[in-house]
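S.K.: Sequence isn't available, so here's the structure alone:
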């Protein structure tokens, strides 16, 4: 966690990790109740990992698609 904060700017962290973190937090708050702290924490972290992987995959596919389109002719 220290390395994540130390090697990235606040803007990059908020734009890259913000959406999956926020969605994971809301889902964990609504649905992960009564399991005990350790299980709820593990479920939250696992959900954050999965959502971050999905967001990263979608983002990289989007960037490849946008980057591979030829420039428009005037």
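M.R.: It's in. Nothing here was measured: the structure is a model prediction, and the numbers come from that model. Numbering: from 1, shown residues only.
S.K.: pull the helix or strand with minimum mean pLDDT from the chain.
M.R.: Across the helices and strands of the chain, mean confidence by mean pLDDT, DSSP states H and E is lowest for helix 2-7: a mean of 80.
S.K.: Please state the offset of it from the chain centre?
M.R.: Centre-to-centre, helix 2-7 and its host chain are 16 Å apart (Cα atoms, centre = their mean, to the nearest Å).
S.K.: in the helix or strand just after that helix, what counts as buried?
M.R.: Per DSSP states H and E, the first helix or strand lying C-terminal to helix 2-7 is helix 10-31. Buried residues in helix 10-31, counted by 16 or more other Cβ atoms under 10 Å: 17, 20, 21, 24, 28. Where C-beta positions appear, they are placed from N, C-alpha and C, glycine not excepted.
S.K.: so what secondary structure elements neighbour the helix of greatest length in the chain?
M.R.: Criterion DSSP state H: the longest helix present in the chain is helix 37-68. The contact analysis (3 or more Cβ pairs under 8 Å, 6 or more residues apart in numbering; DSSP states H and E) places helix 37-68 against helix 10-31.
S.K.: related to what we said a few turns ago, out of the buried residues of helix 10-31, which is nearest to residue 52?
M.R.: residue 20 (4.4 Å; Cβ to Cβ).
S.K.: Can you give me the distance of the closest one to residue 59?
M.R.: 11 Å (Cβ to Cβ, to the nearest Å).
S.K.: go on, residue 47?
M.R.: 18 Å.
S.K.: and the two? which has more neighbours close in?
M.R.: residue 47 (18 against 11; other Cβ atoms under 10 Å).
S.K.: Tell me the spatial nearest neighbour of that one, not counting adjacent residues.
M.R.: residue 24 (4.6 Å; Cβ to Cβ, 6 or more residues apart in numbering).
S.K.: show me what contacts that neighbour?
M.R.: Shown in contact with residue 24 (Cβ atoms under 8 Å, 6 or more residues apart in numbering): 44, 47, 48, 51.
S.K.: Can you list the low-confidence ranges for this protein?
M.R.: 68-74 (pLDDT under 70).
S.K.: I am finished for the moment; much appreciated.
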